[in-house]
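In: Just to be clear, the model below is a prediction. Sequence and coordinates:
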Amino acid sequence: MITQHVVWVLTLAGIGIVALTFVYVLANSGKTADAAVTTHKAYSIRRWWFIALIVFGVAVTYLTLTPFPIGHQGALATNAQMVDAVGRQWSWQLSRNEVRAGTPVQFNVSSVDVNHGFAIYGPDDLIVTQTQAMPGFTNRLLHTFTRPGTYRVMCLEYCGLAHHAMVAQFEVVPADNGGQP
Ligand code: CUA
């Protein structure tokens, strides 16, 4: 509801800006202007817009990419717990359904038919990490679970009639030393 309200206000503001622009253009349409002055002004505005957009874009990119939820995949985890995950229309097959918290887990994700989205959701139903399940490829997905509980694998790529039913479940059990990595 809050989102709807914000969108409503933003829409009204947008309409207002467009309307004001029309009024401004109408009010000034009778006057003659010096082309050189107008051109200079327009270039100046355009330059500042350009700089502002670059600063804005870099800032938004930086702020939104810093807390990237997927860990560094290039890291070698020699002590990883291996889980083979195979997707098919319409189920997941996991080579094990219990992993330990605190030690990296390496999911080797593939598919036997079409593309599927391999997404892991935590006990709080928030997405933890994800990758693609693709036929002919094995995508490696590294993740270290910190919280024990029941996790679910769900498909994030529409793959046919029973796409919504592609759900599997596994347990994250506390580490041997009581959950501390
Ligand atoms: Cu598999 Cu959607």
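Out: Alright, I've got the coordinates. Everything numeric in this text was worked out from a predicted model, so none of it was measured.

In: For the chain, which segments count as strands?
Out: Using DSSP state E, the strands found in the chain span residues 81-88, 91-94, 98-100, 104-111, 116-121, 127-133, 139-144, 149-155, 167-173.

In: Which among those strands is found nearest to Val7?
Out: Among the strands of the chain, strand 127-133 comes nearest to Val7, with 24.0 Å by C-beta to C-beta. (Glycine included, C-beta is placed from N, CA and C.)

In: strands paired with the closest one, and their directions?
Out: Paired neighbours of strand 127-133 in the sheet (DSSP bridges): strand 116-121 (antiparallel).

In: Reformat the strands of the chain as TSV; add mean pLDDT, distance to the ligand and mean neighbour count.
Out: TSV is the format used below for the strands of the chain (pLDDT from 0 to 100; distance: least, C-beta to the nearest ligand atom, whole Å; neighbours: other C-beta atoms under 10 Å):
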stretch	mean pLDDT	distance to the ligand	mean neighbour count
strand 81-88	95	6	19
strand 91-94	96	8	16
strand 98-100	95	22	17
strand 104-111	94	8	21
strand 116-121	96	4	23
strand 127-133	94	7	20
strand 139-144	92	14	18
strand 149-155	97	3	19
strand 167-173	96	10	16
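
In: Any idea which of those strands gets closest to Thr11?
Out: Within these, the stretch nearest Thr11 is strand 127-133; the backing value is 29.6 Å (C-beta to C-beta).

In: which outside residues touch the closest one?
Out: 69-71, 85-87, 107, 109-111, 115-122, 139, 141, 143, 145, 151, 156-157 (C-beta atoms under 8 Å, 6 or more residues apart in numbering).
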